[in-house]
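Q: after the sequence you'll find the predicted model.
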Amino acid sequence: MSTIELEKQISGPAPGLESHRKPASLSGKILIGVTGGIAVGLSIVCYPFVAPALRRHCLPFVPATPKQICNVLSFVKPSNGGSRLLDIGSGDGRIVIAAAQAQPSIKADGVELNPWLVYYSRLAALRNGVLNRTSFFRKDLWKFSLAPYDHIVIFGVEQMMDDLEKKILKEAAPGTTVIACRFPFPTMQTENRIEEGVDSVWVYRPVPKLTSKTDTPTDA
Ligand SMILES: C[S@@+](CC[C@H](N)C(=O)[O-])C[C@H]1O[C@@H](n2cnc3c(N)ncnc32)[C@H](O)[C@@H]1O
């Protein structure tokens, strides 16, 4: 007997058991297909919510509280030419939408990595009547230009504030107001603040290198 034949004999079913094996019924196959499909679907939906944890700066989706939004908006001032606001890591779009609703002259953008949250934000903007004054970009915040904005809002995590401060100082235009929620920047000088525990906000007017305000957002 050859080695292959011997292997087949060893790995094959025990004699007498073969006849008891029944092929899977149609309903069994459907059940396997449906549960498999549900598992794949759930993984596709959930992955973007888990993915931030795998990045250098773990920034999960934690929505701003109504009080936090109110505190942020108290520092968003209208300007004659119409100002532009960016929420960095815009989540479900609540800050962007609230800003556009509060100030008819404002154009508010959000940059967000999670595609489901971006779709949700656009739908929410439509429902709230501010779709034409809001934009949601599905991009990585670290590769998104901050140059065109008059107001930049960040509700981040403590570990990212050092690197974000460097990015702001490099890219933000002169006169930009930066509003940080819950976690302050490490070295920028605070211009104003509301200290209310988890709803605290800090306001900065960084003195960055000169950049052009007419730049448009890119995925650079
Ligand atoms: C703390 S939540 C803030 C949500 C929103 N700004 C708010 O205040 O309700 C941070 C958001 O940043 C997003 N995020 C994480 N890493 C990102 C990245 N590299 N680029 C863009 N968005 C990111 C997360 O998906 C999450 O929605």
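A: Received it, and whenever you're ready, just let me know what you need.

Q: I'd say residue 91 and residue 112 touch.
A: Yes. Look at residue 91 against residue 112 with C-beta atoms under 8 Å: they come within range, at 6.5 Å. Backbone N, C-alpha and C define where each C-beta goes, glycine included.

Q: mutual contacts of the two, please.
A: By the contact definition C-beta atoms under 8 Å, 6 or more residues apart in numbering, residue 91 and residue 112 are jointly contacted by residue 121.

Q: of the two, which one has the most company?
A: Neighbours were counted for residue 91 and for residue 112 using other C-beta atoms under 10 Å; residue 112 has more, 27 against 22.

Q: so what's the residue nearest to that one when sequence neighbours are not counted up against?
A: The shortest distance from residue 112 to any non-neighbouring residue, by C-beta to C-beta, 6 or more residues apart in numbering, is to residue 90 (4.5 Å). Shown in contact with residue 90 (C-beta under 8 Å, 6+ apart): 96, 109-112, 117, 121, 136.

Q: which stretches in the protein count as helices?
A: 3-11, 26-50, 66-73, 94-102, 115-127, 161-171 (DSSP state H).

Q: quick one: the shortest one to chain centroid distance?
A: This points to helix 66-73. 19 Å (C-alpha atoms, centre = their mean, to the nearest Å).

Q: is any part of it close to the ligand?
A: No. Shown here: helix 66-73 not in contact with the ligand (C-beta under 6 Å from any ligand atom), separated by at least 6.9 Å.

Q: check the second one too.
A: No. Judged by C-beta under 6 Å from any ligand atom, helix 26-50 and the ligand are separated, with a smallest distance of 7.3 Å.

Q: and the fifth one, by the same measure?
A: Yes. For a cut-off given as C-beta under 6 Å from any ligand atom, helix 115-127 has contacts with the ligand, namely residue 117.

Q: centre of the chain to that helix, how far?
A: Put simply, helix 115-127 sits 12 Å off its chain's centre (C-alpha atoms, centre = their mean).

Q: quick check, residue 157 in contact with residue 58.
A: Yes. Counting by C-beta under 8 Å, residue 58 is a contact partner of residue 157 at 6.8 Å.
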